[in-house]
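Peer 1: model this:
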Amino acid sequence: MKDKTKIYLMLGIIGGILSMIGDCLLCGVDSYGAAGSLDRYAVIAQKVSYTRIGLGGFFGFIGIPITVFGFYVLYMSLADKDSLTAKLYRVSLYGYIAFGGAVHVICCYLVTGIKKDLEAGADNLLVTVLHEQGGYVIPSMTVFLVFYLMSVVTMILLIAKKKTFLPSWMWILNPLTFKLLINWIGRLGSSALLNGILCSNMSLGAILIFAAWWISLKKNGSIRHG
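Peer 2: Residues are numbered from 1 along each chain as shown. Just a heads-up that it's a prediction; the model follows:
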């Protein structure tokens, strides 16, 4: 079990790295002079090439499903896999696989749409983008958000209640915590590095989580249930 767990964690880290490459390709350019969030993405969309957007979509689409192997380690370590919390956690991972890569590609297409609208001289960028892409962007993001929040809540409960091999305090190391922290760091400036970090909030967060789980596994010496 321990060897399989390490393999899954390594796959999760590899998936996170691939996803992070996709994120940085998509948004890793400076946005100096941008007045707000929409303006930031408008500046980024103007500077990234269509080739970069396409490559960013490819790496994210491949990497995100592979990342789920790392999160699945938590389910593997459960002694009671029939509890409602365990079942919901597993469902959330299936949702992550089904919608994660697709939503990443949609985000890339959204940047493509913004770029095309800017090239066409759109008067009101927000209204134009919502009119053109809101019909599928908003529903898809909403569905993914449901699975994402389900994953975060169930992960916290399983770890905090000592149902996994992790110490209970490690519930704080969850995707939402890192998303908020990395977003805060990314918004400290408008350089290419910080924009890349900002866009990588989920992929970089996953890498850090899996690294912490790996250290805990090595320290414990074995998987312990409950």
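Peer 1: What is the subsequent helix or strand relative to the lowest-mean-pLDDT helix or strand in the chain?
Peer 2: When the helices and strands of the chain are compared on mean pLDDT, DSSP states H and E, helix 37-47 comes out lowest with a mean of 87. Next along the chain after helix 37-47, taking DSSP states H and E as the criterion, comes helix 50-76.
Peer 1: Quick check: which element contains the spatially most central residue of the chain?
Peer 2: Centroid check for the chain by C-alpha atoms, centre = their mean gives M202 as the closest residue, at 2.8 Å. Per DSSP H and E, M202 falls inside helix 201-220.
Peer 1: mind listing what the closest residue to D30 other than its chain neighbours touches?
Peer 2: Distances taken as C-beta to C-beta, 6 or more residues apart in numbering place A192 nearest to D30, at 4.8 Å, with adjacent residues excluded. (Each C-beta comes from the backbone N, C-alpha and C, glycine too.) Applying C-beta atoms under 8 Å, 6 or more residues apart in numbering, we find A192 in contact with 28-30.
Peer 1: Most neighbours out of the residues you listed, which is it?
Peer 2: G28 (24 neighbours; other C-beta atoms under 10 Å).
Peer 1: okay, and for the protein, where does confidence drop off?
Peer 2: Residue ranges of the chain with pLDDT under 70: 1-2, 221-226.
Peer 1: try it again with 50
Peer 2: For the chain, the stretches with pLDDT under 50 are 224-226.
Peer 1: Tell me where it has helices.
Peer 2: 2-27, 37-47, 50-76, 84-119, 125-160, 175-186, 192-199, 201-220 (DSSP state H).
Peer 1: Would you mind writing the CA trace of the second one as PDB?
Peer 2: In this case it means helix 37-47. The C-alpha trace of helix 37-47 is given here as PDB (Å, rounded to 0.1, in the frame of the first residue of the first chain):
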ATOM      1  CA  SER A  37      -9.000  42.200 -12.700                       C
ATOM      2  CA  LEU A  38     -10.800  42.400 -16.100                       C
ATOM      3  CA  ASP A  39      -8.200  44.900 -17.300                       C
ATOM      4  CA  ARG A  40      -5.400  42.600 -16.200                       C
ATOM      5  CA  TYR A  41      -6.800  39.700 -18.300                       C
ATOM      6  CA  ALA A  42      -7.400  42.000 -21.200                       C
ATOM      7  CA  VAL A  43      -3.700  43.100 -21.100                       C
ATOM      8  CA  ILE A  44      -2.600  39.400 -20.800                       C
ATOM      9  CA  ALA A  45      -4.900  38.400 -23.600                       C
ATOM     10  CA  GLN A  46      -3.300  41.000 -25.900                       C
ATOM     11  CA  LYS A  47       0.200  39.800 -25.100                       C
END
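Peer 1: So which bits of that helix are buried?
Peer 2: Using 16 or more other C-beta atoms under 10 Å as the test for burial, helix 37-47 gives 40-45, 47.
Peer 1: Quick one: these as JSON lines, columns for distance to G15 too.
Peer 2: Below are the buried residues of helix 37-47 laid out as JSON lines (distance: C-beta to C-beta, whole Å):
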{"residue": "R40", "distance to G15": "27"}
{"residue": "Y41", "distance to G15": "25"}
{"residue": "A42", "distance to G15": "30"}
{"residue": "V43", "distance to G15": "29"}
{"residue": "I44", "distance to G15": "24"}
{"residue": "A45", "distance to G15": "26"}
{"residue": "K47", "distance to G15": "27"}
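Peer 1: Quick check: of these, which lies closest to G54?
Peer 2: A45 (13.8 Å; C-beta to C-beta).
Peer 1: any idea how far Y72 is from the closest one?
Peer 2: Remark: distance between A45 and Y72 (C-beta to C-beta, to the nearest Å) = 35 Å.
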